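Undergrad: Got a sequence here, can you model it:
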Amino acid sequence: MPFVDEILKYKSLSIVGLGKNTGKTECLNYVLRRLEHSGHTLALTSIGVDGEMTDRVTGTAKPEIELYKDLIIITSEKHFRQKSIDAEILDISAKSTALGRLITARTLSRGKVMMSGPADTLWLKQLIVQMDAYEVTTTIVDGAISRLSPGSPAVTDSMILNTGAAVSANIPNLIRHTKFVHELIKLPEVDFPNDKQDLVDSGMKDSMVGVHELLELSSGLYALDAEFKVHDLKIPSVFLLKDHEEELFKHGNTLYVTGALSDRMLDFIRMQKVLNDITLIVRDFTRIFVKPETFRAFTSSGHKVKVLLSTRLLAICVNPVSPEGYVLNSNELCTGLSEALKVPVYDIKKH
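TA: This is a model prediction of the structure:
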């Protein structure tokens, strides 16, 4: 499948799913098989626990992670001891997860191991940087159950999204759900007018000055005026928006939300009659926790949601089989999703 050739262009890749049993491990194994003889050194870790033989919830069999020789792996002490593969330890982390310290090792044979890596995205990001010491081209991160955070562009450079029958047994419902997540992933970036040509003309290569300034803001709600100057609105919580109604848009109609974007906030702002064409900015799509109907009511009112950092989505893959045993028509699912999303969709098991 053509998206595999794109993976090596990026320093890191997350493989995430819209739910449990959506085919992440099958997708990971496919990617590893295809890249085994690429001539590049790959690293592999997980932000959850993956590679179990049996699903802890359903009791059904699960595919194990199949490793090849000369792969860099990062997993916990507990699971490293249980490995069925020869490996040379390269590093042991100073801090621990709930399953022990993290072991960085180079595989010396083919085999299997359960993956359990960093406990949070900050540690994961640091770990990806550390892989430079082992001349790693791309670090692959296996995401946790229903957790899209490793797909954040602030953590990994690219992403593969997995969906399937485990999310919904009804193809139209599954398409609607996946389409909404894809819509969030493809939200447009903020365009800072003076970040582009002005910086090129001045000889500066970094065109993200405005973005960097906002990324440094860790909490609160901020307004951006017509000159893109940032104003702290001193609103500590979305629950207090009503108490600060008059101050909300005194600097214009663009707001930056440092934390999560919720239904409550979208509904509150949509009901304001002060301004039309309101723009809300979030760090990236993983900060948006809203229902599709709330989001579409907001955007259909003429308002916009944009991101500071957009995600490079390399592929959407499907698993038409649910853990309960029902099987969706793969061709119908892939065709329906591809037509709705306007992108290629792949069933890994067919390749």
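
Undergrad: what about the closest residue to V167 other than its chain neighbours, how many neighbours?
TA: Excluding the flanking residues, the one nearest V167 by CB to CB, 6 or more residues apart in numbering is G19, at 4.6 Å. C-beta: built from backbone N, CA, C; applies to glycine. Neighbour count for G19, taken as other CB atoms under 10 Å: 18.

Undergrad: swap in F80?
TA: Applying other CB under 10 Å, I find that F80 has 25 neighbouring residues.

Undergrad: cool, and A226?
TA: 9.

Undergrad: Give me the three-state assignment for it.
TA: Secondary structure state of A226, per DSSP: H, G, I helix; E, B strand; the rest coil, is coil.

Undergrad: Sketch out the helices for the protein, chain order is fine.
TA: Applying DSSP state H to the chain gives helices spanning 3-7, 24-35, 77-81, 121-130, 171-185, 197-201, 209-215, 245-248, 263-270, 292-300, 330-341.

Undergrad: a markdown table please, covering those helices and showing mean pLDDT.
TA: Listed next are the helices of the chain as a markdown table, based on pLDDT from 0 to 100:
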| stretch | mean pLDDT |
| --- | --- |
| helix 3-7 | 91 |
| helix 24-35 | 94 |
| helix 77-81 | 95 |
| helix 121-130 | 94 |
| helix 171-185 | 96 |
| helix 197-201 | 45 |
| helix 209-215 | 75 |
| helix 245-248 | 80 |
| helix 263-270 | 92 |
| helix 292-300 | 95 |
| helix 330-341 | 95 |
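
Undergrad: I figured the residue nearest to V167 was touching L161, is that so?
TA: No - using CB atoms under 8 Å, G19 is not in contact with L161; the gap is 11.4 Å.

Undergrad: rewinding a little: columns distance to F239 on top of the helices of the chain, output as a markdown table?
TA: Formatted as a markdown table, the helices of the chain follow (distance: least, CB to CB, whole Å):
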| stretch | distance to F239 |
| --- | --- |
| helix 3-7 | 42 |
| helix 24-35 | 35 |
| helix 77-81 | 40 |
| helix 121-130 | 25 |
| helix 171-185 | 23 |
| helix 197-201 | 39 |
| helix 209-215 | 23 |
| helix 245-248 | 13 |
| helix 263-270 | 8 |
| helix 292-300 | 17 |
| helix 330-341 | 35 |
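
Undergrad: where's the spatially closest residue to I281 that is not a sequence neighbour relative to F228, distance?
TA: Take I281 and drop its neighbours on the chain: the residue closest to it by CB to CB, 6+ apart is Y256, 4.5 Å away. Using CB to CB, to the nearest Å, Y256 is found at 10 Å from F228.

Undergrad: Pairing partners for Y222 in the sheet, please.
TA: Beta-bridge pairing of Y222 under DSSP bridges involves D232, Y256.

Undergrad: Report the contact partners of it.
TA: By CB atoms under 8 Å, 6 or more residues apart in numbering, the contact list for Y222 reads 214, 230-233, 255-256, 258.

Undergrad: From L248, how far out is the residue nearest to I281?
TA: Applying CB to CB to Y256 and L248 gives a distance of 12 Å.

Undergrad: ok so, going back, deepest of the helices of the chain, which one?
TA: For these, the largest average neighbour count (mean count of other CB atoms under 10 Å) is found in helix 24-35, namely a mean of 21.

Undergrad: How far away from the center of its chain is that one?
TA: 18 Å (CA atoms, centre = their mean, to the nearest Å).

Undergrad: mind listing what the residue nearest to I281 touches?
TA: 214, 217, 221-224, 230, 280-282.

Undergrad: Adding distance to V305, write those residues out as a markdown table.
TA: Output for the contacts of Y256, formatted as a markdown table (distance: CB to CB, whole Å):
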| residue | distance to V305 |
| --- | --- |
| L214 | 15 |
| L217 | 18 |
| L221 | 15 |
| Y222 | 15 |
| A223 | 16 |
| L224 | 14 |
| V230 | 18 |
| L280 | 5 |
| I281 | 8 |
| V282 | 7 |
